[in-house]
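*Asks:* just coords:
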């Protein structure tokens, strides 16, 4: 345990096989019992709660910004369609359809771009193997 003193409490808990389940209304960490583990478990549960709150906030803000952006694009498309085709009832109906189509294709482009980014992100097992290969290559050879 003395060699663990310079490591953060959360990493010590993770090394002992503790799980951090995220359930509705709770953010707890199940780990071995003990005075040092109790404080590490408390710290891990606080950090997990902060993580959950941060993720929820980012999702809410991202969703509202995305909706506002698509609404602005659709309104722009509607206005430009009406400028070109006039303000007759048929042109107004066509402008509404045109604005929906433009907003749909913009959102489809955003999703396609996100799919490309997701495809470029390496899987965790690939990263783990690369770290293991580097650590084996850097290990000293016994004489």
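*Replies:* It's in. Worth saying up front: this structure is predicted, and the values here are computed from it rather than measured. Numbers count the residues shown, from 1 in each chain.
*Asks:* buried residues in stretch 46-57, which are they?
*Replies:* 47-48 (16 or more other C-beta atoms under 10 Å). Where C-beta positions appear, they are placed from N, C-alpha and C, glycine not excepted.
*Asks:* what's the average pLDDT for it?
*Replies:* If you average the pLDDT over stretch 46-57, you get 93.
*Asks:* kindly report the same for stretch 111-119.
*Replies:* Averaged over stretch 111-119, pLDDT sits at 95.
*Asks:* how about stretch 67-77?
*Replies:* Rounded mean pLDDT across stretch 67-77 is 96.
*Asks:* in it, what counts as buried?
*Replies:* 70, 73-74, 77.
*Asks:* got the contact list for that stretch?
*Replies:* Identification of contacts with stretch 67-77 by C-beta atoms under 8 Å, 6 or more residues apart in numbering yields 95, 98-100, 102-103, 106-107.
*Asks:* what does stretch 88-100 give?
*Replies:* Contact partners of stretch 88-100, identified using C-beta under 8 Å, 6+ apart, comprise 74-75, 77-78, 81-82, 85.
*Asks:* in helices, which of the residues you listed fall?
*Replies:* Among these, the members found in helices (DSSP state H) are 74-75, 77-78, 81-82, 85.
*Asks:* make CSV out of the residues you listed and add distance to residue 125.
*Replies:* Shown next, in CSV, are the ones in helices among the contacts of stretch 88-100 (distance: C-beta to C-beta, whole Å):
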residue, distance to residue 125
74, 42
75, 45
77, 44
78, 48
81, 50
82, 54
85, 55
